[in-house]
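In: only geometry, no sequence info:
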């Protein structure tokens, strides 16, 4: 008899609790990571024109600007959370997500490079919205007004998982916006 897994339910199901079943099945499928999941699709990417925004986007590995590009997203369980690797063209962007702790309990923490953001997950109808509540740079908590802004929505379009994510900063304006659709793929 094997020992029970310490986290028997996927990360988003644990965080969303009673709101989990309200999500569209396609969104629940993407967020039901128990080992490794692969999703593929198409996306369009806009990049900010400000010099600092372009530098940030390049350092983090955000995809290059372009319409109708192929995208793959590999999600894998990592400790109590998930690793997301997004590949578009010749660019790869990786982040790690896990449950927030302490003041961020009930939030999802996403870390990419030196930046970590704590976000609330809000189910609205069958869609999922992300709202930044806290952030840190190199582990140092900073005021929310100094941090990045995001509009991030997951929904369903024509039966497929759909995403629309815009990341900006008050000093740079738009950093990146990527939107598209994904479908489950064989790993």
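Out: It's in. As the structure is a computational prediction, the values presented were derived from the model and not from experiment.
In: residue 78: what's it in contact with?
Out: Under the criterion of CB atoms under 8 Å, 6 or more residues apart in numbering, the neighbours of residue 78 are 96, 98. Quick note: C-beta positions are derived from backbone N, CA and C, even for glycine.
In: angles on the backbone of it, please.
Out: Torsion angles at residue 78 (phi, psi; degrees, to the nearest 10) stand at phi -140, psi 110.
In: all the helices of this structure, residue numbers only.
Out: Remark: helices assigned in the chain by DSSP state H are 11-16, 25-30, 51-60.
In: give the buried residues for the second one.
Out: Going back to what we said before, that points to helix 25-30. Buried positions in helix 25-30, judged by neighbour count with 16 or more other CB atoms under 10 Å: 26, 27, 28, 29, 30.
In: just checking, what packs against the lowest-mean-pLDDT helix or strand in the chain?
Out: Ranked by mean pLDDT, DSSP states H and E, the weakest helix or strand in the chain is helix 51-60, scoring a mean of 87. Judged by 3 or more CB pairs under 8 Å, 6 or more residues apart in numbering; DSSP states H and E, the packing partners of helix 51-60 are strand 36-47, strand 160-169, strand 173-185.
In: run the last query once more with 6 Å
Out: Secondary-structure packing of helix 51-60 (3 or more CB pairs under 6 Å, 6 or more residues apart in numbering; DSSP states H and E): strand 173-185.
In: quick one: contacts of the strand it packs on?
Out: 38-48, 50, 53, 56-57, 62, 157, 160-162, 164-168 (CB atoms under 6 Å, 6 or more residues apart in numbering).
In: what about burial for the residues you listed, which qualify?
Out: Among the contacts of strand 173-185, those scoring as buried are 39-45, 47-48, 50, 53, 56-57, 62, 160-162, 164-168 (criterion: 16+ other CB under 10 Å).
In: low-confidence stretches in this structure?
Out: Along the chain, the parts satisfying pLDDT under 70 run over 1-7, 187.
In: the same query, at a cut-off of 90, please.
Out: Residue ranges of the chain with pLDDT under 90: 1-9, 34, 55-63, 79-80, 89-93, 103, 112-115, 126, 147-148, 186-187.
In: find the nearest non-adjacent residue to residue 155, please.
Out: The shortest distance from residue 155 to any non-neighbouring residue, by CB to CB, 6 or more residues apart in numbering, is to residue 127 (4.3 Å).
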